[in-house]
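Colleague: Quick one: sequence and predicted model below, then my questions.
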Amino acid sequence: QQQVKQSPQSLIVQKGGIPIINCAYENTAFDYFPWYQQFPGKGPALLIAIRPDVSEKKEGRFTISFNKSAKQFSLHIMDSQPGDSATYFCAALGSGTYKYIFGTGTRLKVLA
Amino acid sequence: NAGVMQNPRHLVRRRGQEARLRCSPMKGHSHVYWYRQLPEEGLKFMVYLQKENIIDESGMPKERFSAEFPKEGPSILRIQQVVRGDSAAYFCASSPNPGQGQKLFFGSGTQLSVL
């Protein structure tokens, strides 16, 4: 119940494509859902986050779609660029807690 | 305005040796979290510390692993008598205060290799 399931494990798209990464959770106590971007040799960095009171959030080329009833959320990267090639992690956090639960990561490669 | 600093970046130990991983949180942050990342896996919570206090060590193995965050100096994650299964990337994160929606700032990690 504390898991966050992430898919796909890896993804290859052409430059300009729209990669979509999906995450699903079981615990309805989760109420904060961030996405982290990690480049090789670096720590994860917060990319964008959403709370369940909205169904979509956009920041630049990155969009989170949130489906509360299905307990799913996804990351879309518009007009993807080779510089977006990285590993992306979804995460979830329960109200009043500090213990983030991370997905297993998606390795994205954007071809030039 | 330095970020979260971890050292060393790479640490090689032979089985049975001790590993010490250091983490200096961002300036003004008094909450430190350690996570472990295995290949093809997400980050797993290990321990949460405030200055001089361990708040939650539920994700840390009971034996061989310990953590501290002294009043002065960096947080230390200590692994005694390392085994090959301890090989992983260990990330430290800090936040100004814990709880709902608090952004975690991660360091670049320490890659521990046990020979």
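Modeller: Great, that's in hand. All figures in this text were calculated on a predicted structure; none of them were measured in a lab.
Colleague: Next, work out how far apart A:Ala29 and A:Ile21 are.
Modeller: Using CB to CB, to the nearest Å, one gets 23 Å for the distance from A:Ala29 to A:Ile21. (Each C-beta comes from the backbone N, C-alpha and C, glycine too.)
Colleague: Among these two, which residue is more densely surrounded?
Modeller: A:Ile21 (21 against 14; other CB atoms under 10 Å in any protein chain shown).
Colleague: Contact partners for A:His76?
Modeller: By CB atoms under 8 Å, 6 or more residues apart in numbering or on different chains, A:His76 lies in contact with A:Ile18, A:Pro19, A:Ile20, A:Phe62, A:Thr63, A:Ile64, A:Ser65.
Colleague: My reading is that it lies in a helix. Confirm?
Modeller: No: per DSSP: H, G, I helix; E, B strand; the rest coil, A:His76 lies outside any helix segment and is strand.
Colleague: Local confidence estimate at it?
Modeller: In the predicted model, A:His76 carries a pLDDT score of 98.
Colleague: which parts of chain A sit against chain B?
Modeller: A:4, A:6, A:9, A:31-32, A:34, A:36, A:41-46, A:49, A:51, A:89, A:93, A:95-105 (CB under 8 Å from any CB of the partner chain).
Colleague: Now, of those, which are buried?
Modeller: Among the residues of chain A next to chain B, those buried by neighbour count (16 or more other CB atoms under 10 Å in any protein chain shown) are A:4, A:6, A:31-32, A:34, A:36, A:43-44, A:49, A:89, A:93, A:97-98, A:100-105.
Colleague: Out of the residues you listed, which sit inside strands?
Modeller: Counted as lying in strands by DSSP state E, out of these, are A:Val4, A:Gln6, A:Asp31, A:Tyr32, A:Pro34, A:Tyr36, A:Ala49, A:Phe89, A:Leu93, A:Ile101, A:Phe102.
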